[in-house]
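K.L.:
here you go, sequence then predicted model.
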Amino acid sequence: MRFLPKILLPVAAIALLASATVDAHAATQEGAAPGLKNSGKKIRATPSELAAKAGAGVQWRTDLAAALVESKESGKAVFWYVPTIRRSFMDRKTEVDRYMMAGPFSWPRTIAFLNEHFVPVRMAAGKDDCAAFGLKPLVFVEPGWLVIGSDGKELGREHQITTFHPARFLAPLAQLAGVDHPAADGWPGDREDPAVKLWVAGVEHWHQQRDAVARGVWEKLTKDHPEHPMAAKAAMELEGHGPFVHAFETYAELPAKATTPMAEGTIAPAGVYSEEDLWARGAEFLMASQRANGGWQDSTYDFGGTDGLPNVFVAVSSISTIALLEYAARLESPDPALERTLGNALSYITEEANLNRADTDEQFWAHVYRARALTRWIELRPGDVARVEPALQLSVNDLVRTQGKGGAWAHEYSNPFVTSDALIALSAAKGVGTFPDTGEDSVERGIDSLILCRTDEGAYSYGQTRRGKARGRVQGSVGRTPRGELAISLWSPEKSIGLERAVALSFDNEQYLLPARKYDDHTSSYSYGGFFFFYDMLARTEAIVAMAKSDTRDKAVERQHAQLMGLPEFDGVFMDSHEVGRCYGTGMALWCLAALSKVD
């Protein structure tokens, strides 16, 4: 079976971590060694001299005012690349800028096009520029660009650019320039260009999980064509700074309508993809994104320190596994390639060496999502119970073991949303017959800690409430309320405010969550960031599915499904924040769609 018809070059994704990060991962192998301590240090390497040249082929000006003067003289419009704006909430400004420089601005066709048809400017937007062009946080989300005519008036813009494809990136610019599209075939450069050929060959090897071979090809590119713009790009990818290895750059064949410019960035135009299309494209993407070791390692989520990345990888890999399990269950007959992918995934998420047990910041995510993936495996494939149950038992034991004395669980800090996740995972595991000996006491203490965090209005505090009255606002509880009430209703329904009320509160306040989707940090006093977006979508989805059968539930299912169908990127996969990544976003979105499809 083919997941997509006529794929040109399906996306391959891997986090080729910089050497410092690799060293941190190597420490994982000593996770139980005496004296190894948890660290919150974020180790973010700097590109090499060659890699730092990525994007330098564009003849960048650095001053917008001077560029506008030049525009009047030349008659060319200004192309203003805006890497960031004043008072932006984005945490990963440097990394996001590198994705642009090593992505679109390293493609030979983009370089030639911008230099010929525009006066290119690369400049952050300051106070006056933001005021002049309406560049406000939550309104304009970097990275983005503006095209400004010789008269100083804006001709077009795009922001929230989080998926890179030559045909899609240049489509709106070709339209503005009034010329033929120079990359309509989806290639970054001339097909006969030796350097472009080497790059493409490396892409194909990545897609086949031939990591070492691909690295060798890209290293050859840097040595044989050191002055070519693709050489600097290859260096960025080899060092783990580029968009391709983090799954943001794709060469998949696109429907013509998918390249239509959109006001809100790189989302897909309405109606381009059916749900079946999204399943096929999402599965294809995840299969191509799996690395040879069986894991998905595109995420750079290091808020708890670089030493937490191994646990993040296990968590994201578990979510990706759930999505592919659900896809496999939809097929009329087994697909050999998909089964190999799932087999490798199971090996990865159950391999003890892939965890960093010394890290206390993100270890929870590895335990809880591994438990969810293994539970779902048993539910869908009961013939594998003897093979999978021991690992599931270990995961639920780990959950109980890591519970705090006060009953709450923690990732970087104790809080009700992870406590809810632990209780939901324990309930699911119990449903397939796996439960810790001390589970009942653990659940009771967990429920008590949750209720401490709930306000009379039904909101949940962001952190753990230990005594006194809980403080939280429903505006900040779009995900926390349905997640908390689902956990309580699974174990002590008489203590719940009711799932209908929880879901209604979530929908009524979602406008505070939605603008944060593509940010890498908290965006408001409600503590939302992109890394909460699909996390909260899953919470609401599972709460809806657990509601009693009624017209209210049917309407909630319809609304949630419609919202999910409006979220894919133009290539048919899903984006979360830059740090958590597209594999996570795609896995979560497909998990949600699968859950909604089971509502009778």
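P.N.:
Alright, I've got the coordinates.
K.L.:
what about the stretch 301-450 of the chain, any weak spots by pLDDT?
P.N.:
Under the criterion pLDDT under 70, no range of the stretch 301-450 of the chain is flagged.
K.L.:
same thing with the chain?
P.N.:
Judged by pLDDT under 70, the chain has its weakly predicted residues at 1-37.
K.L.:
identify the residue nearest residue 507 in space, chain neighbours excluded?
P.N.:
Once flanking residues are discounted, residue 507 sits nearest to residue 559: 6.9 Å by CB to CB, 6 or more residues apart in numbering. All C-beta atoms are positioned from the backbone trio N, CA, C, and that covers glycine.
K.L.:
contact partners of the strand or helix carrying that neighbour?
P.N.:
Per DSSP states H and E: residue 559 is located in helix 551-565. Helix 551-565 is contacted by residues 275, 278, 500, 503, 507, 537, 540-541, 544-545, 547, 589, 592-593, 596, 599 when judged by CB atoms under 8 Å, 6 or more residues apart in numbering.
K.L.:
how far off centre is that helix?
P.N.:
When distances are taken as CA atoms, centre = their mean, to the nearest Å, helix 551-565 is centred 23 Å away from the chain's centroid.
K.L.:
just the buried residues of it, please?
P.N.:
553, 556, 557, 560, 561, 563, 564, 565 (16 or more other CB atoms under 10 Å).
K.L.:
okay, stretch 184-199 in CSV with CA atoms only?
P.N.:
The C-alpha trace of stretch 184-199 is given here as CSV (Å, rounded to 0.1, in the frame of the first residue of the first chain):
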residue,chain,number,x,y,z
ALA,A,184,6.5,24.9,-8.8
ASP,A,185,8.1,21.5,-9.1
GLY,A,186,8.9,21.5,-5.4
TRP,A,187,12.7,21.4,-5.8
PRO,A,188,15.0,23.8,-3.9
GLY,A,189,17.2,24.3,-6.9
ASP,A,190,18.1,23.2,-10.4
ARG,A,191,17.6,19.4,-10.7
GLU,A,192,21.0,19.1,-12.6
ASP,A,193,22.9,21.1,-10.0
PRO,A,194,25.4,18.6,-8.5
ALA,A,195,25.1,20.2,-5.0
VAL,A,196,21.3,20.0,-5.1
LYS,A,197,21.5,16.4,-6.3
LEU,A,198,23.7,15.6,-3.3
TRP,A,199,21.3,17.3,-0.9
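K.L.:
what residues sit buried inside it?
P.N.:
For stretch 184-199, by 16+ other CB under 10 Å, it's 186, 187, 188, 189, 193, 195, 196, 197, 198, 199.
K.L.:
for those, which one is nearest residue 577?
P.N.:
residue 188 (25.3 Å; CB to CB).
K.L.:
so what's the residue lying closest to the closest one once chain neighbours are set aside up against?
P.N.:
Of all residues not flanking residue 188 in the chain, residue 107 sits nearest, at 3.6 Å (CB to CB, 6+ apart). Counting by CB under 8 Å, 6+ apart, residue 107 touches 166, 169, 183, 188, 189, 229.
K.L.:
repeat that with 10 Å
P.N.:
Each residue near residue 107 by CB atoms under 10 Å, 6 or more residues apart in numbering is listed here: 55, 57, 113, 164, 166, 169-170, 182-183, 187-189, 196, 199, 229-230, 233, 249.
K.L.:
of the residues you listed, select the buried ones using a PyMOL command.
P.N.:
A single PyMOL command selects the buried members of the contacts of residue 107 (16+ other CB under 10 Å):
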select buried, resi 55+57+113+164+166+169+170+182+183+187+188+189+196+199+229+230+233+249
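K.L.:
mind giving me the domain split of the chain?
P.N.:
49-266, 275-597 (automatic domain parsing).
K.L.:
to residue 39, which of those domains lies closest?
P.N.:
Residue 39 sits nearest to domain 275-597 of all the domains of the chain, at 4.9 Å, using CB to CB.
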